[in-house]
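In: After the sequence you'll find the predicted model.
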Amino acid sequence: MAWKNIKDHYRIGHIVKAGDNCIKIGSPYVSDILTILPDGSLKWGLLGPSDNDDLARYHAEMSADPAKLRELYHAPDTFSISLPVYTYQGAEIIEKQCEAYDWPNVTHDGHIQYENTYSRHKDEVIGWAKHNAALGMKMFRRHIRETTQRLKEQEIQLAKEELILASLDRDHPHIPCPTVNDD
């Protein structure tokens, strides 16, 4: 998927990035104004067709020659410079390449360099990853405490219902209890 080929060929001034099996053209506020599919077809995003002159031009030029768009989509991108940039996923610190640092620039593989997930400084990304893991631990500890408390409350309620049924069985042994299935 060659986001840069398309951006350069059609002189796109908007943000162009890789999506899930597609390329998306968007803005800082709307990431999927126009989507390009692998077969060279286009679709407008949730906002529908745009009145923006540039977006209308992109759509018209791409629609005029779907074979060219498909060719650009599948041709490998070439980059004039490859700068290292870092991000993380869980405990994995990932080095990617880019032509220019910082938002709204895109990595060679088509991902936007958000300010809180990409940095040219590996140590900064490691700090973010550690901070995110610590916040996750804090959140799940709280969820476990809350769930444990709810479980205790439910066990108390269950014991009360068991006492009620035992009392009814003792006081009225001649009336059977209808069968209740546990789900």
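Out: Received the coordinates, thanks. Residues are numbered from 1 along each chain as shown.
In: Residue ranges of each domain in this protein, please.
Out: What automatic domain parsing lists as the domains of the chain is 3-74, 83-127.
In: Out of those domains, which gets nearest to residue 163?
Out: Set against residue 163 and scored by C-beta to C-beta, the domains of the chain come closest in domain 83-127, at 47.6 Å. Using the backbone N, CA and C atoms, a C-beta is placed for each residue, glycine as well.
In: Strands along this structure, start to end?
Out: For the chain, the strands defined by DSSP state E occupy 15-19, 22-26, 34-36, 42-44, 83-89, 92-98.
In: now those strands in TSV, with mean neighbour count?
Out: Formatted as TSV, the strands of the chain follow (neighbours: other C-beta atoms under 10 Å):
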stretch	mean neighbour count
strand 15-19	20
strand 22-26	23
strand 34-36	22
strand 42-44	14
strand 83-89	17
strand 92-98	14
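In: do you know which of these lies nearest residue 9?
Out: Residue 9 lies closest to strand 15-19 among these, at 10.8 Å (C-beta to C-beta).
In: What is the neighbour count of the closest residue to residue 61 other than its chain neighbours?
Out: Of all residues not flanking residue 61 in the chain, residue 10 sits nearest, at 5.7 Å (C-beta to C-beta, 6 or more residues apart in numbering). Residue 10: 20 surrounding residues under other C-beta atoms under 10 Å.
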